[in-house]
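In: Mind folding the following:
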Amino acid sequence: MSIKTWGLDFGSTGIKAVELTRTWQGHRVTNYGFYPYSSTEKARGEKLQILAKIFPGGEKEGKNIIVSLPSHRMMVHRLSLPFKEMKKNQQVIKFEVESLLPLAIDQVLVDFYMAKGGPDGNKALAFAVRKEELKEQLSLMEEAGLDPESVVPEALALFWLARNLRVGISSGALLDVGQEKTTMIVWHDENLTLIRSISIAGMVTPALSHLADEVKRTLISYESGPAGQPVEKIFLTGGSAALPGIEEVFGENLKTPVAILDINRISPALMADVPEEHHHALAVALGAAFRESAREAERVNFRQEEFASVRKAKKEKTRATLLLSYAIILAVLGIAAFSVNLYLKEKKYQDLKAEIRKEFMQAHPGIKKVVSEVQQMKNFVQEEKARVDALGGLSKVSSPLEILREFSTMIEADWKIRVTDLIVEPETVEVAGEADSFETVNRIKSKLDKSPLYKDVQLKTARASALENVIEFKLQMKRGI
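Out: Numbers count the residues shown, from 1 in each chain. From the prediction side, this is the model:
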């Protein structure tokens with residue numbers, strides 16, 4: 001999917017237009033034009049004809065059009081805004097700049113550019129334009145059947161151009177040298193820090209020397225200021241940048257390195273289809289088309305209040321309606337998914353409950369009343385456990401009955417043994433009794449030694465009784481488990 005944006009620059013001698021297409025591979029100029037017109041008041045008719053040539057379908061073509069306003073029609077002031085949040089500053093910007101403007105605040109439109117990050121995150125450049133200037137420009141576009149999405153300052157268009165070209169320096173300056181004036185911008189760390197419109201054209205060598213002196217004074221003032229940074233390099237563009245010797249004139253007057261902005265060298269694919277002789281003349285239009293790639297705090301737009309774009313409003317309304325539709329669909333799907341999930345859980349619960357009741361009835365077929373299968377089963381288990389524990393069946397310590405059963409299984413049929421006493425303790429068991437001989441006592445001890453129930457068996461007593469052929473004995477066993 002590609003996104004196309006038109007940038008328009010109404011210069012002193014003609015209209016410059018650039019169609020910039022953005023794809024996953026990057027930006028590329030896919031259409032362009034430089035259309036001269038006369039400098040007389042009758043130029044309006046010529047401009048309309050040019051616009052009809054660029055956009056033969058008018059508004060029906062649905063173009064995203066960005067129009068740049070010349071820098072000498074702008075009022076620019078550097079100031080500190082009270083907040084770091086864009087929305088809050090938008091509410092107070094007119095009050096902040098009112099005392100700085102030579103006109104009543106209701107006669108101008110104001111917008112601002114905020115620097116990115118850093119301790120001075122609330123530093124801004126405020127732009128103001130007379131409503132009459134904007135009205136004149138927009139009436140021309142309206143008569144041509146066009147509704148540009150944004151009207152932006154020329155200086156910002158040049159800044160977007162320099163940043164998107166990635167000229168390779170962190171602090172630089174760009175001069176757009178035209179036939180009537182020169183627009184100068186300075187940036188540092190991807191932030192626009194200085195804007196100046198110099199009413200000197202670059203058509204002849206004396207004028208170039210005068211312009212170089214003005215640039216030099218501007219840089220000295222900027223670099224010596226509290227926020228100033230040394231400018232690493234100055235780039236030249238604009239309609240007069242192709243004048244012979246312009247680099248030498250600036251190089252002789254400025255200590256900073258000067259170079260013509262070579263778009264082909266910096267970004268070969270960007271204007272590959274545009275003849276090189278048109279590159280400098282199209283610089284502002286190209287920069288304006290880069291607006292869509294700028295961050296939100298940089299998107300200055302004078303299409304506000306009574307000059308707001310009808311097309312943009314419809315676009316935002318359509319987008320809001322679409323988002324609302326998506327939200328409703330997602331909500332319905334969410335409710336449906338929740339309901340289905342709840343139904344499945346309820347059904348699974350009911351199936352499990354029926355299975356529990358079935359197993360419960362099989363375990364207790366004679367029960368008449370079922371209130372809570374789980375609880376009743378727990379009660380039955382507790383009762384059975386208590387009943388078995390009474391006999392020692394489930395206790396960790398073997399019961400007397402188990403000990404006697406184990407002892408009796410060791411006695412062979414021809415042995416004569418009688419148990420007279422049994423003492424069961426947690427760790428030991430004592431068995432006292434009578435046997436018919438010492439040999440029988442030794443045999444029963446031998447078998448107890450082999451039993452896994454006991455880890456140690458001792459014969460405590462073995463003596464002859466007063467009765468004939470009777471041996472009294474006592475065995476003590478230590479439990480093995």
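In: now the helix or strand that contains residue 408: mean pLDDT?
Out: Counting by DSSP states H and E, the element that carries residue 408 is helix 400-410. Taken as a whole, helix 400-410 carries a mean pLDDT of 80.
In: so what strands line up beside the following helix or strand past that helix?
Out: Heading C-terminal from helix 400-410, the first helix or strand you meet, by DSSP H and E, is strand 417-424. Partners of strand 417-424 in the sheet, by DSSP bridges, are strand 428-435 (antiparallel).
In: quick revisit: in the helix holding residue 408, which residues are buried?
Out: 402, 403, 406, 407, 410 (16 or more other C-beta atoms under 10 Å). Where C-beta positions appear, they are placed from N, C-alpha and C, glycine not excepted.
In: now the lengthiest helix in the chain: how far from the chain's centre is it?
Out: Assignment by DSSP state H gives helix 310-363 as the longest helix of the chain. Computed by C-alpha atoms, centre = their mean, to the nearest Å, the chain-centroid distance of helix 310-363 equals 27 Å.
In: Could you name the helices and strands sitting against it?
Out: With contacts taken as 3 or more C-beta pairs under 8 Å, 6 or more residues apart in numbering; DSSP states H and E, helix 310-363 sits against helix 373-390.
In: quick one, the helix holding residue 408 and strand 417-424 angle?
Out: Computed by axes from the mean of the first three to the mean of the last three C-alpha atoms, to 10 degrees, the angle separating helix 400-410 from strand 417-424 equals 150 degrees.
In: Which elements pack onto helix 400-410?
Out: Applying 3+ C-beta pairs under 8 Å, 6+ apart, one finds that helix 400-410 makes contact with strand 417-424, helix 438-450.
In: For residue 132, which non-adjacent residue is closest in space?
Out: residue 107 (7.8 Å; C-beta to C-beta, 6 or more residues apart in numbering).
In: what's the answer for residue 448, then?
Out: In space, residue 448 comes closest to residue 457 once its chain neighbours are excluded; the distance is 4.5 Å by C-beta to C-beta, 6+ apart.
In: Now the strand or helix carrying that neighbour: buried residues?
Out: Using DSSP H and E, residue 457 sits in strand 454-464. For strand 454-464, burial by neighbour count (16+ other C-beta under 10 Å) applies to 454, 457.
In: Also stretch 278-297?
Out: So for stretch 278-297, counting by 16+ other C-beta under 10 Å, buried means 278-292, 294.
In: mind checking how far residue 71 is from residue 176?
Out: 8 Å (C-beta to C-beta, to the nearest Å).
In: Tell me which of these two has more neighbours.
Out: The residue with more neighbours, out of residue 71 and residue 176, is residue 176; 30 against 26, by other C-beta atoms under 10 Å.
In: Just the CA trace of the next helix or strand after the strand holding residue 457, in PDB.
Out: Sequence order places strand 471-479 as the next helix or strand after strand 454-464, per DSSP H and E. Coordinates of each C-alpha in strand 471-479 appear next as PDB, following Å, rounded to 0.1, in the frame of the first residue of the first chain:
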ATOM      1  CA  ILE A 471       9.400 -71.000  79.800                       C
ATOM      2  CA  GLU A 472       8.400 -67.400  80.500                       C
ATOM      3  CA  PHE A 473       9.700 -64.900  77.900                       C
ATOM      4  CA  LYS A 474       9.500 -61.200  77.100                       C
ATOM      5  CA  LEU A 475      10.300 -59.700  73.600                       C
ATOM      6  CA  GLN A 476      10.800 -56.000  72.800                       C
ATOM      7  CA  MET A 477      10.600 -54.900  69.200                       C
ATOM      8  CA  LYS A 478      11.500 -51.400  67.800                       C
ATOM      9  CA  ARG A 479       9.300 -50.300  65.000                       C
END
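In: Now do the residue nearest to residue 305 when sequence neighbours are not counted: how many residues are near it, please.
Out: Distances taken as C-beta to C-beta, 6+ apart put residue 109 closest to residue 305, at 6.6 Å, once the chain neighbours are dropped. Summarising burial for residue 109: neighbours were counted as other C-beta under 10 Å, giving 21.
In: these two touch, right, residue 109 and residue 307?
Out: Yes - Residue 109 is within contact range of residue 307, at 6.9 Å (criterion: C-beta atoms under 8 Å).
In: Now do the shared contacts for those two.
Out: Counting by C-beta atoms under 8 Å, 6 or more residues apart in numbering, the shared contacts of residue 109 and residue 307 are 131, 134.
In: which residues sit in contact with the nearest residue to residue 452 once chain neighbours are set aside?
Out: Sequence neighbours aside, residue 480 is the residue nearest to residue 452 in space, at 6.2 Å (criterion: C-beta to C-beta, 6+ apart). Residues in contact with residue 480, defined by C-beta under 8 Å, 6+ apart, are 451, 452, 453, 454, 455.
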